[in-house]
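**Q** structure for this input, please:
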Amino acid sequence: MDNPYVLLETTLGDILIELLPEKAPKSVANFLRYVDDKSYDYTIFHRVIRGFMIQGGGYDNRLQPRATYEPVENEAKNGLSNVKGSVALARAAEKDSACREFYINAEDNLDLDHQDETDENYGYAVFGQVVEGMDVVKKLNWKVTKARDGFDDLPVDDLEIISARRFE
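**A** Presented below is the predicted three-dimensional model:
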């Protein structure tokens, strides 16, 4: 069976993501739930750290949080790694706290992989890979950021996800 794909249309170009349900079935189902209800439309990348990653999907351009479904079980022990171009679920300190926010690794970030069973070192569940649009990820990752409105690495200009749709 072919893996599903999702196309993120952003203000700086398109990013095509291949999802990996055999390795991360709960994370993929969670992500597709938000895609299918068009919940990622008109959200922003609200956390951008140059040379590290871009994180988004949780806030609109007025910095208002979007509603979430229940958190999913962390699948960080699935054998996938936080390498450049991989897509993973963001989470809070608790290992099973990931909901709607995701990030795309701009470089290899192997320290985010599963290390042990503690919440702190459990890791972040990779569930997809950018197959086209790494040039867009790089453009997004190199935008100027500043601390404001309770966010530390908020881009000065809105970096919007215009739409997120299944791609066939």
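**Q** and whichever helix or strand Asp153 is part of, what does it pack onto?
**A** Using DSSP states H and E, the element containing Asp153 is strand 151-155. Counting contacts by 3 or more C-beta pairs under 8 Å, 6 or more residues apart in numbering; DSSP states H and E, strand 151-155 packs against strand 43-49, strand 145-148. Where you see a C-beta, it was placed from the backbone N, CA and C, and this is true even at glycine.
**Q** can you tell which of those is closest to Arg100?
**A** strand 43-49 (8.6 Å; C-beta to C-beta).
**Q** what pLDDT, on average, does the closest one get?
**A** For strand 43-49, mean pLDDT is 98.
**Q** with stretch 74-84 instead?
**A** In the prediction, stretch 74-84 has an average pLDDT of 98.
**Q** list the buried residues in it.
**A** Using 16 or more other C-beta atoms under 10 Å as the test for burial, stretch 74-84 gives Asn74, Glu75, Ala76, Asn78, Leu80, Ser81, Asn82, Lys84.
**Q** check stretch 29-47 too.
**A** 30-32, 34-35, 39-41, 43-47.
**Q** now for these, which pair is the farthest apart?
**A** Among those, Leu32 and Arg47 lie farthest apart (C-beta to C-beta), at 22.3 Å.
**Q** if I look at Val156, how far off is Glu117?
**A** Val156 sits 40 Å away from Glu117, going by C-beta to C-beta, to the nearest Å.
**Q** could you count how many residues lie near the closest residue to Gly79 other than its chain neighbours?
**A** Leaving aside its sequence neighbours, Gly79 sits nearest to Lys23 (C-beta to C-beta, 6 or more residues apart in numbering; 6.2 Å). Lys23 has 17 neighbouring residues, counting by other C-beta atoms under 10 Å.
**Q** wait, what's in contact with Lys23?
**A** By C-beta atoms under 8 Å, 6 or more residues apart in numbering, the contact list for Lys23 reads Glu75, Asn78, Gly79, Leu80, Val126, Phe127.
**Q** farthest-separated two in the residues you listed?
**A** Using C-beta to C-beta, the pair of the contacts of Lys23 lying farthest apart is Gly79 and Phe127, separated by 11.9 Å.
**Q** distance to Glu70 for the helices and strands packed on strand 151-155 - can I get that in TSV?
**A** Converted to TSV, the helices and strands packed on strand 151-155 look like this (distance: least, C-beta to C-beta, whole Å):
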stretch	distance to Glu70
strand 43-49	19
strand 145-148	30
